[in-house]
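Asks: Give me a model of this one.
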Amino acid sequence: MQTFTAMRAFVFHYPKTIALVTVTGVGLVGVKKWMAGGVCRSKASLEGKTVLITGGNTGIGKETAVDLAKRGARVILACRDMDRANSAAEEVRKRSGNDNVIVKKLDLASLQSVRQLAKEVLASEERLDVLINNAGIMSCPKWQTEDGFEMQFGVNHLGHFLLTNCLLDLLKKSTPSRIVTVSSLAHERGQIYFDDIHQEKDYLPRKSYAQSKLANVLFSRELVNKLQGTGVTTYSLHPGIIRTELGRHFWPKIPLWKRVLFTPLMFLIKTPTEGAQTTIYCAVEESLQDESGLYYSDCAPKSAAPQGLDDEAAKKLWDLSASMVGLT
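Replies: Here you go, the predicted model:
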């Protein structure tokens with residue numbers, strides 16, 4: 001009774017405050033809804049189809065897996081940490097009601113691991129309808145992959161470049177099939193440093209990340225030329241700004257005062273489910289069947305940055321990447 005009386009008194013004495021809080025709350029909800037972005041409306045079934053998702057044990061990869069498993073797909077989670085991958089697979093099975101979810105080992109920082117996974121998939125799977133290049137690393141220290149590549153370029157681009165090429169024959173056998181590569185808005189700030197691809201002269205985590213995400217866009221663009229007439233289509237996308245583990249190397253480096261300032265804004269950032277929508281859209285939307293090589297955001301086509309539309313750079317990057325990973 002006392003609590004109710006106190007609340008009534010507060011409302012009576014501070015009506016403007018209550019109105020401001022209410023309006024602000026409604027405004028934030030509206031902004032949150034706008035920030036959530038597009039939603040995949042397709043009801044396409046994936047019964048009888050197989051999907052492979054890299055990094056499907058967390059974040060938007062896991063949410064993508066849940067959605068595609070609900071559609072009836074056989075889902076392969078290709079992950080580095082097998083314990084977490086097995087836990088994620090069990091969650092995907094429970095949430096989707098689909099037991100046809102399996103786990104395979106993949107470390108994109110190792111070309112040997114990439115080749116081993118591809119070998120296992122080619123030996124065990126009769127078809128591959130959708131390959132989703134989802135895994136990634138962001139703004140890490142100056143690390144190297146097992147093969148001596150700068151980590152972000154190696155994992156985000158070269159690992160997926162090799163994996164995709166190793167699985168192309170199976171994708172062609174399963175047509176119509178799709179390759180979906182998760183890039184980022186960060187590609188707009190990127191350029192390909194052909195004269196210093198590993199950033200050895202001047203390594204900056206964000207600069208290297210932007211280069212790797214631009215490489216994703218250019219890779220998807222050049223794939224169109226390699227896949228003409230095969231029935232395999234390719235898409236790259238920006239999933240949005242999302243609350244995931246991707247920023248685990250970036251967030252701790254932000255000054256404490258900025259973290260305190262930005263923490264309330266986390267309410268407005270996409271959830272993994274919201275962030276997965278464009279990936280799902282590119283994987284299943286029927287109207288995209290005759291489109292290939294485009295860039296998407298919020299479940300709609302969007303023009304990539306000018307450097308992401310450079311066909312000469314895309315071809316040059318392809319040739320360099322093929323040489324680096326030993327692709328003949």
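Asks: From here on, just use CA atoms for contacts and neighbour counts.
Replies: Noted.
Asks: Spell out, range by range, the helices that occur in the stretch 51-200 of the chain.
Replies: In the stretch 51-200 of the chain, helices defined by DSSP state H, counting those that start in this stretch lie at 59-70, 82-96, 111-124, 151-153, 160-166, 168-173, listed in chain order.
Asks: So which of those helices is nearest Gln307?
Replies: Proximity to Gln307, assessed across these by CA to CA, is greatest for helix 151-153 (16.8 Å).
Asks: ok, and what's touching that closest one?
Replies: 109, 136-140, 142-145, 198, 208-209, 211-212 (CA atoms under 8 Å, 6 or more residues apart in numbering).
Asks: circling back: could you dump the helices of the stretch 51-200 of the chain to CSV with mean neighbour count?
Replies: Output for those, formatted as CSV (neighbours: other CA atoms under 10 Å):
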stretch, mean neighbour count
helix 59-70, 25
helix 82-96, 18
helix 111-124, 16
helix 151-153, 28
helix 160-166, 21
helix 168-173, 18
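Asks: Select, out of these, the one closest to Ala283.
Replies: Of all the helices of the stretch 51-200 of the chain, helix 59-70 comes closest under CA to CA, at 8.7 Å.
Asks: So what touches the closest one?
Replies: Contacts for helix 59-70 (CA under 8 Å, 6+ apart): 46, 51, 53-56, 75, 77, 88, 92-93, 95-98, 100-101, 134-135, 243-245, 272-273, 275-277, 279-280.
Asks: Show me which of the residues you listed are buried.
Replies: 46, 51, 53-56, 75, 77, 88, 92-93, 96, 98, 100-101, 134-135, 243, 272-273, 275-277, 279-280 (16 or more other CA atoms under 10 Å).
Asks: now Arg206, nearest residue through space, not along the chain?
Replies: Among residues not flanking Arg206 along the chain, Ser139 sits closest, at 5.4 Å (CA to CA, 6 or more residues apart in numbering).
Asks: Roughly how far does the one you found sit from Arg115?
Replies: With distances taken as CA to CA, to the nearest Å, Ser139 is found 26 Å from Arg115.
Asks: same question, Glu286
Replies: 31 Å.
Asks: Spell out, range by range, the strands that occur in the stretch 1-150 of the chain.
Replies: Along the stretch 1-150 of the chain, the segments classed as strands by DSSP state E, counting those that start in this stretch run 50-54, 74-79, 101-105, 130-133.
Asks: ranking the ones you listed by burial, who's on top?
Replies: strand 130-133 (a mean of 27; mean count of other CA atoms under 10 Å).
Asks: who does that one touch, helix- and strand-wise?
Replies: Here strand 130-133 touches strand 50-54, strand 177-182, going by 3 or more CA pairs under 8 Å, 6 or more residues apart in numbering; DSSP states H and E.
Asks: Strands of the stretch 201-328 of the chain, start to end?
Replies: Going by DSSP E, counting those that start in this stretch, the stretch 201-328 of the chain shows strands at 232-238, 295-297, 300-301.
Asks: rewinding a little: with distance to Gln152 and mean pLDDT added, can I get the strands of the stretch 1-150 of the chain in CSV?
Replies: Shown next, in CSV, are the strands of the stretch 1-150 of the chain (distance: least, CA to CA, whole Å; pLDDT from 0 to 100):
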stretch, distance to Gln152, mean pLDDT
strand 50-54, 15, 98
strand 74-79, 16, 98
strand 101-105, 19, 98
strand 130-133, 14, 98
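Asks: Make JSON lines out of those and add distance to Tyr295.
Replies: Below are the strands of the stretch 1-150 of the chain laid out as JSON lines (distance: least, CA to CA, whole Å):
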{"stretch": "strand 50-54", "distance to Tyr295": "19"}
{"stretch": "strand 74-79", "distance to Tyr295": "24"}
{"stretch": "strand 101-105", "distance to Tyr295": "28"}
{"stretch": "strand 130-133", "distance to Tyr295": "14"}
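Asks: Tell me who's in contact with Ser96.
Replies: Taking CA under 8 Å, 6+ apart as the criterion, Ser96 is in contact with Val66, Asp67, Ala69, Lys70.
Asks: hmm, 6 Å instead?
Replies: Val66, Ala69, Lys70 (CA atoms under 6 Å, 6 or more residues apart in numbering).
Asks: Gly293 now?
Replies: Contacts of Gly293 by CA under 6 Å, 6+ apart are Ser220, Arg221, Val224, Thr234, Tyr235.
Asks: Give the closest residue to it in space, chain neighbours not counted.
Replies: Nearest to Gly293 is Arg221, by CA to CA, 6+ apart, at 4.7 Å.
Asks: Glu146 now?
Replies: Ser110 (5.3 Å).
Asks: Would you mind giving me the confidence score for that neighbour?
Replies: pLDDT, Ser110: 98.
Asks: do you know how far it is from Gly154?
Replies: 9 Å.
Asks: One more: Val39?
Replies: From Val39 over to Gly154 (counting by CA to CA), the distance is 31 Å.
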